[in-house]
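Enquirer: Sequence below, structure please.
(one chain, ligands or ions: 1)
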Amino acid sequence: PRAWTLAARPQGMPRSTDFAIVDLPVRDLAEGEVRVANRWLSVDPYMRGRMNDVKSYVPPFQIGAPMEGGAVGEVVESRDAGLKPGDMVQHMLGWRDEAVGPASAFHKLPLLDVPPQAFLGQFGMPGMTAYFGLLAVAEAKAGDTVFVSAAAGAVGSTVVQVAKAKGMTVIGSAGGPDKVAWVRSLGADAVIDYKAGPVAKALGEAAPKGIDVYFDNVGGDHLDAALAHARPRARFAICGMIDVYNDAKPTQLKYLARLIGNRVRMEGFIVSDHMGRAEEFYRDMGAMLAAGTLRREETVHDGLDAMPDAFLGLFSGGNTGKMLVRV
Ligand code: NDP
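Expert: Residues are numbered from 1 along each chain as shown. You can find the predicted model right below:
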């Protein structure tokens, strides 16, 4: 078995030399442990934060140690009564082709009629982020005008579709004409190509009466544009700020003070705050799936060796929908 380790802490955009692939020792299972052949590995923007040596809601990766992340695999050996060979499980021992650990670290896939890798995307952590960020954090409701950035990504494309299914007007933003066309095909009422011109101007044209909700995946210019067009008592769910993850310099927001006059409620959140409501998520998303209102897109790289390229592709827009690696 092999695993990717963190070779060096990146300054700015990570380079291939910041990652190193190593052989893992083969070992026998202890009582209560399982061996899992990973089939699908997730790369997610938050992993960039774990490459820094800073205190955060997840601890930093350690230099020389295997990296971690979401994964789906098949149990191939078991010394636990709860899991048997052939069971498909999800877990956090990603960035490697084989995972060994206590059975309690591996969870059987929920009973939903989607392929296993969907539990790393729309029916997993990114999907829950979209669902609870929109409905619980931003308290978005039918009739609201919702603006969502990185709308062609895993989280953003789910926000667009849940918002449409719940009767909202949706404006997305994405980079380039192909992604813009795809987000429109998901049902968005308007889509901004943020690479084609200033976001604030385009948002003003798309939402002449302003926005009630902003679902932030990007920060920077996108957050400022949303503040420029926020209606009184708008709610901002601050999900991510990918524009600054590889950036050391602070951003300057021209419209920050509009928080005050318009009583904008802006709230950061972490998806794990809402894990206790997972059943509600599977039920409601399962119903939308059955009704044919959800579409799923994946960008797949092949082989464990492709992990760093797939990960870095997140920061250059290399994915439409969920970015995945198939082992
Ligand atoms: P995505 O699938 O959206 O992939 C990232 C996308 O971001 C890229 O495809 C790219 O699309 C866009 N992007 C990259 N750099 C920039 C930039 N500088 N400016 C504008 N757009 C950019 O990733 P996820 O759906 O997994 O994550 C989306 C966001 O949600 C991230 O910020 C992530 O950190 C956050 N998140 C937060 C969680 C929480 O608990 N709070 C949980 C999960 C995710 P394009 O081609 O359109 O530029």
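
Enquirer: can we go C-alpha only for contacts and neighbour counts from here?
Expert: Noted.

Enquirer: who touches Ala174 in this structure?
Expert: Neighbouring residues of Ala174 by C-alpha atoms under 8 Å, 6 or more residues apart in numbering: 149-152, 180, 191-195.

Enquirer: Can you list which of those residues are found in strands?
Expert: Residues of the contacts of Ala174 located in strands (DSSP state E): 191-193.

Enquirer: count of neighbours near the closest residue to Val76 other than its chain neighbours?
Expert: Spatial nearest neighbour of Val76, excluding adjacent residues (C-alpha to C-alpha, 6 or more residues apart in numbering): Pro85 at 4.7 Å. Pro85 is flanked by 13 other residues according to other C-alpha atoms under 10 Å.

Enquirer: ok, Pro85 to the ligand distance?
Expert: Look at Pro85 and the ligand: by C-alpha to the nearest ligand atom, to the nearest Å, they are 30 Å apart.

Enquirer: and the stretch 201-327 of the chain, which of its residues are near the ligand?
Expert: 217-218, 239-243, 269-271, 314-319, 321-322 (C-alpha under 6 Å from any ligand atom).

Enquirer: are any of the residues you listed buried, and which?
Expert: In these, burial by neighbour count holds for 217-218, 239-242, 271, 314-315, 319, 321-322, counting by 16 or more other C-alpha atoms under 10 Å.

Enquirer: Filter those down to the ones in strands?
Expert: Going by DSSP E, the strands hold Lys322 from those.

Enquirer: a markdown table please, covering the buried ones among the residues of the stretch 201-327 of the chain next to the ligand and showing pLDDT.
Expert: Converted to a markdown table, these look like this (pLDDT from 0 to 100):
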| residue | pLDDT |
| --- | --- |
| Asn217 | 98 |
| Val218 | 97 |
| Cys239 | 97 |
| Gly240 | 96 |
| Met241 | 95 |
| Ile242 | 96 |
| Val271 | 96 |
| Leu314 | 98 |
| Phe315 | 98 |
| Asn319 | 98 |
| Gly321 | 98 |
| Lys322 | 98 |
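
Enquirer: count of neighbours near Ala290?
Expert: 12.

Enquirer: I should have written Lys195 there, sorry.
Expert: Other residues close to Lys195 by other C-alpha under 10 Å number 12.

Enquirer: pLDDT at it, what is it?
Expert: pLDDT recorded at Lys195 is 98.

Enquirer: Kindly indicate whether Asp247 is helix, strand or coil.
Expert: Asp247 falls in the coil class when you classify it by DSSP: H, G, I helix; E, B strand; the rest coil.

Enquirer: Pretty sure it sits against Gly12.
Expert: Yes. Counting by C-alpha atoms under 8 Å, Asp247 does reach Gly12; the two are 5.6 Å apart.

Enquirer: If we only consider the buried ones among the residues of the stretch 201-327 of the chain next to the ligand, which is nearest to Glu279?
Expert: Proximity of these to Glu279 (C-alpha to C-alpha) peaks at Val271, which lies at 14.3 Å.
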